[in-house]
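**Student:** everything below, folded, please.
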Amino acid sequence: MKGITKYRKFRLSVIASVVSVLVVAYWDRIWSEYWLLALPFGLLVLVFFIVALTQSLIFAYNHKRITKLASLPLTINLLTLFLIFVLPLNWVRQYIEFKFRQSEMEEVVRMANHNELENVRLNSDLMQLPDNYSQLSVGGGQVIVEEVNDHKAVFFYTFRGTPDGREGFVFIPDGAKLEDCEGRLYNKILNQRDVNNNWYFILAD
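**Tutor:** Numbers count the residues shown, from 1 in each chain. Sure thing, here's the model as predicted:
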């Protein structure tokens, strides 16, 4: 193992694989925050990975008689492709972040119910989060708040499309359903996941 790590191709394959996994896992946030640069950045990472994969293939062929681990860089790249296409990396990352930040998000819900959030503009349901909570919702640190059954439903963006499309975590108060918020928090729900009490993850147009 020590012998293979000295080769530049090995280091290239590791770096390309790590960068690719991180970009896929954070793609929704990257697009929502930096959509003008997201596409060229994504293409650059894709080209980088293809170059690394090609170099790993050449390395495995040229060094198969020199070291038993010649195919290791190629194996790392192929395992990366498997992870990207099989595992929902973006959802896994979002769920982990939700579990770590759930108490903060519930504090935002409390603030919404006590009218402590500021409207982005007059007569808008879009609310600006305080600076210390701005990372809870991508694309500007804003949430959508709607009154349902005398309580507030709150939508936190994890993806904010330009111009359409959204996904994120939504808090629905007791006695209400996701369908009650269609046309207000979001248009049509395309996919949904039950997260835990009162919390859902939805993809909507």
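**Student:** ok, how many other residues are close to His63?
**Tutor:** Using other CB atoms under 10 Å, His63 has 17 neighbouring residues. The C-beta positions use only the backbone N, C-alpha and C, and glycine is treated the same way.
**Student:** which residue is the nearest non-sequential neighbour of it?
**Tutor:** Spatial nearest neighbour of His63, excluding adjacent residues (CB to CB, 6 or more residues apart in numbering): Ala70 at 3.9 Å.
**Student:** was I right about that neighbour contacting Ile58?
**Tutor:** No. The criterion here is CB atoms under 8 Å, and Ala70 misses it with Ile58 at 10.4 Å.
**Student:** who has more neighbours, these two?
**Tutor:** More crowded of Ala70 and Ile58, by other CB under 10 Å: Ala70, with 20 against 13.
**Student:** can you give me the pLDDT of the more buried one?
**Tutor:** On pLDDT, Ala70 comes in at 78.
**Student:** and Leu78, by the same measure?
**Tutor:** 94.
**Student:** you'd agree it is in a helix?
**Tutor:** Yes. Judged by DSSP: H, G, I helix; E, B strand; the rest coil, Leu78 forms part of a helix.
**Student:** quick check: the gap between it and Leu72.
**Tutor:** 11 Å (CB to CB, to the nearest Å).
**Student:** how about Glu97?
**Tutor:** Separation of Glu97 from Leu72 (CB to CB): 32 Å.
**Student:** Gln128 too?
**Tutor:** 49 Å.
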